[in-house]
Each structure stands twice: as structure tokens, then as C-alpha cells.
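In: Compute the structure for the input listed below.
(2 chains)
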Amino acid sequence: EPEVTQTPSHQVTQMGQEVILRCVPISNHLYFYWYRQILGQKVEFLVSFYNNEISEKSEIFDDQFSVERPDGSNFTLKIRSTKLEDSAMYFCASNTGRDEQYFGPGTRLTVT
Amino acid sequence: GNSVTQMEGPVTLSEEAFLTINCTYTATGYPSLFWYVQYPGEGLQLLLKATKADDKGSNKGFEATYRKETTSFHLEKGSVQVSDSAVYFCALKSNFGNEKLTFGTGTRLTIIP
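Out: Residues are numbered from 1 along each chain as shown, chains lettered A, B, ... in the order given. Now for the predicted structure:
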């Protein structure tokens, strides 16, 4: 069964460094999403992406964040200059548009 | 804005016990409602969903009924198994065109033999 994959599973970085979290959505999906969950808190929507552009973003998704679909398979989330409060589990998801969203296993980001 | 309030965890039950995890929501209009489950080391998986009032979603012995009058979508299972140990997330999606999900905080369920 096709699945969403994410790499790495755990990323440790120093404050101020750039990180790129990678996702490979399901191949025939057209909509892509990033969510995050700070430990003990809600899963929060960050951004949705369709047709090579952002379709919606939350207040969390400020200028430090960017997304890209550099080729036909990867979907990346970049944080330009990480802060301690960016430490969280980041989930990628995809769907065809009207069906359920399929989630990856998440990347745990630890900023020290 | 939309919000989901979910029963605080963790919840620990003995095998074959009855399970209820409460979920209430705030939303404009008529959202779709979901329960997602996360098993250890895996991603969020859709467990069940309901798209309109009085719909009952069901899967793997779990059920939840969309109650508009109480704005609730409580998850129930009559007899839990050790393999049901996971984190359960209640979520909603507005039906005003955008596709983003709004989640609750998640409830960690542990079933002991």
C-alpha cells in the first residue's frame, strides 16, 4: 500500500541553523500539507500546497518557513533560522483533494 | 475559529474494558469529523470519519456518532485489546473549501493484559 515517507526521523540542530525536512507524498496525490505538534500540545496546521504554490498557511508559518516541491516526488519544509520553540514533531500529509489526508510518520526536530 | 477539545490522557484500561474518549468541537457550519490513530513509530492513520449530523463512523470495532446538538464526536469501543494501545486524535475539517485539519491534543491509550 502506498504511503507517505519522511526523512530524517529525528533531526537535532543548533539554534540559528537552517533545517530542511523532507517528505515523499503518495505519487498520484496533488495536495500536500505540513503540520507540527509541540510536545504535549495540539497538532497544528502549518501550510497547504497545491499546483506548485501555497494555497493556505497559518499564523505559525512566518517568513522563517518555506516549502518547495523541487522535483516530481519530494516536498520539503525549510526553516531558515531555527529557534528553540521550533522543537516539535513535524508531519507531512497528502491527498487527492477531497479524500482523507494520508500522513507520514513524522520528523522529530530538536533545537538546542 | 475552529477548535477541537479532547479528553485529556493518558488513559489506561484493562483488556476487554469499554472505551470512551470524549471529543467536542467548535466550528461554523457543518464540518466533517475524524478520528486519527497513531501507533508507536508510525504516522497518523484515519480510523473513522463522519461528514454530516447523525452519521456514525465505524472501523475495527470503534464507533463515533456526529452529534450536532452537543457538538460532539465521542470515540467508543466495546471491548479493547492490547493492540489498541496508541494515541488517538479527534479532528475536524471545515466544508467551506479549505482542506486543513484542526486537531485535538490527542489521547494516549494504554491497554494492559
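In: Secondary structure element holding residue B:57?
Out: For residue B:57, the host element (DSSP states H and E) is strand B:56-59.
In: Please name every helix or strand in contact with that strand.
Out: Judged by 3 or more C-beta pairs under 8 Å, 6 or more residues apart in numbering or on different chains; DSSP states H and E, the packing partners of strand B:56-59 are strand B:44-50, strand B:62-65. (Each C-beta comes from the backbone N, C-alpha and C, glycine too.)
In: which residue sits closest to the residue nearest to the spatial centre of chain A in space, ignoring its chain neighbours?
Out: When C-alpha atoms, centre = their mean is applied to chain A, the residue found nearest the centroid is residue A:34 (3.5 Å). Using C-beta to C-beta, 6 or more residues apart in numbering or on different chains and skipping the chain neighbours, the partner closest in space to residue A:34 is residue A:46 (4.3 Å).
In: hey, where'd the strands end up in the chain?
Out: With no chain named, the answer covers chain A. Applying DSSP state E to chain A gives strands spanning A:5-7, A:10-13, A:19-24, A:31-37, A:43-50, A:53-57, A:65-68, A:75-79, A:88-95, A:102-103, A:107-111.
In: The chain in question should be chain B.
Out: Under DSSP E, chain B gives strands at B:3-6, B:11-14, B:19-21, B:23-26, B:32-38, B:44-50, B:56-59, B:62-65, B:75-77, B:86-93, B:101-103, B:107-112.
In: Distance check, residue A:62 against chain B.
Out: 17 Å (C-beta to the nearest C-beta, to the nearest Å).
In: How about the contacts made by that residue?
Out: Applying C-beta atoms under 8 Å, 6 or more residues apart in numbering or on different chains to residue A:62 gives no contacts.
In: Can you list the low-confidence ranges for chain B?
Out: For chain B, the stretches with pLDDT under 70 are B:97-98.
In: What parts of it come near chain A?
Out: Contact residues (C-beta under 8 Å from any C-beta of the partner chain) of chain B with chain A: B:4, B:34, B:36, B:41-46, B:49, B:89, B:91, B:98-106.
In: Could you pull up the residues touching residue 53?
Out: If you meant another chain, say so; for now it's chain A. Under the criterion of C-beta under 8 Å, 6+ apart, residue A:53 has no neighbours.
In: Sorry, I should have been clearer: chain B.
Out: Each residue near residue B:53 by C-beta under 8 Å, 6+ apart is listed here: B:30, B:66-68.
In: could you redo the last one with a cut-off of 6 Å?
Out: B:66, B:68 (C-beta atoms under 6 Å, 6 or more residues apart in numbering or on different chains).
In: Could you report the separation of it from chain A?
Out: As judged by C-beta to the nearest C-beta, residue B:53 and chain A stand 20 Å apart.
In: pLDDT of stretch A:5-19, averaged?
Out: Summarised as a single mean, pLDDT over stretch A:5-19 is 97.
In: which other residues reach that stretch?
Out: Under C-beta under 6 Å, 6+ apart, the answer for stretch A:5-19 is A:22-24, A:79-82, A:92, A:104-105, A:107-112.
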